[in-house]
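Asker: sequence unavailable; structure follows:
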């Protein structure tokens with residue numbers, strides 16, 4: 001709707017349905033490129049994955065519901081710097097399983113259960129340090145745990161090395 005208004009201010013009355021059709025047509029034309037990039041991405045032994053909620057307009061209902069864009073990318077140390085985005089109408093773990101089908105390697109991700117089905121089937125879980133750190137932080141805040149404070153200190157040292 002924003003693009004429709006921008007074109008309208010420029011004197012071009014292009015209906016939103018036409019703009020949407022153009023985007024869809026571009027998506028269809030670009031799908032072979034996306035498929036090739038996915039294939040190249042899945043040749044790597046270490047991948048990062050995360051999913052992000054987005055609002056999706058429910059057709060005919062004039063209201064939105066939560067859908068997800070799943071992102072899969074290579075590591076910063078890989079020769080190929082690539083991200084493939086995979087839209088899904090839900091957060092069901094089947095979407096990650098379908099994208100990663102047949103792939104074996106190390107997956108850097110958060111603790112979302114949707115990734116768990118692949119672990120043990122050739123996919124090794126590499127937990128996210130920020131999520132691990134949060135547990136120690138919560139423990140230290142709640143109990144002033146000296147052990148948690150030491151863990152936070154060590155994690156801070158790792159962050160410093162990474163920086």
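Answerer: On my side now, so go ahead. All figures in this text were calculated on a predicted structure; none of them were measured in a lab. Numbering: from 1, shown residues only.
Asker: elements contacting the top strand by length along the chain?
Answerer: When the chain is parsed with DSSP state E, its longest strand is strand 46-57. For strand 46-57, the elements it packs on are strand 64-73, helix 94-99, strand 105-109, judged by 3 or more Cβ pairs under 8 Å, 6 or more residues apart in numbering; DSSP states H and E. Where you see a C-beta, it was placed from the backbone N, CA and C, and this is true even at glycine.
Asker: cutoff 7 Å now
Answerer: The helices and strands touching strand 46-57, judged by 3 or more Cβ pairs under 7 Å, 6 or more residues apart in numbering; DSSP states H and E, are strand 64-73, strand 105-109.
Asker: would you give the sheet partners of the last one, along with the direction of each?
Answerer: To tie it back to what came earlier, the one meant is strand 105-109. strand 46-57 (parallel), strand 123-127 (parallel) (DSSP bridges).
Asker: what's the closest of the ones you listed to residue 92?
Answerer: With Cβ to Cβ as the measure, strand 46-57 is the member of the strands paired with strand 105-109 nearest residue 92 (10.3 Å).
Asker: return the distance of the helix ranked longest in the chain from the chain's centre.
Answerer: When the chain is parsed with DSSP state H, its longest helix is helix 16-41. Remark: helix 16-41 is offset 18 Å from the chain centroid, using Cα atoms, centre = their mean, to the nearest Å.
Asker: name the residues that touch the longest strand of the chain?
Answerer: 41, 64-75, 89, 91, 96, 105-110, 115 (Cβ atoms under 7 Å, 6 or more residues apart in numbering).
Asker: now stretch 16-29: buried residues?
Answerer: The neighbour-count check on stretch 16-29 (16 or more other Cβ atoms under 10 Å) flags nothing as buried.
Asker: same question but for stretch 81-100, I mixed them up
Answerer: 84, 86, 88, 91, 93, 95-97, 99-100.
Asker: which residues sit against it?
Answerer: 34, 37-38, 40-41, 49, 51, 56, 67-74, 113-115, 117-118, 123.
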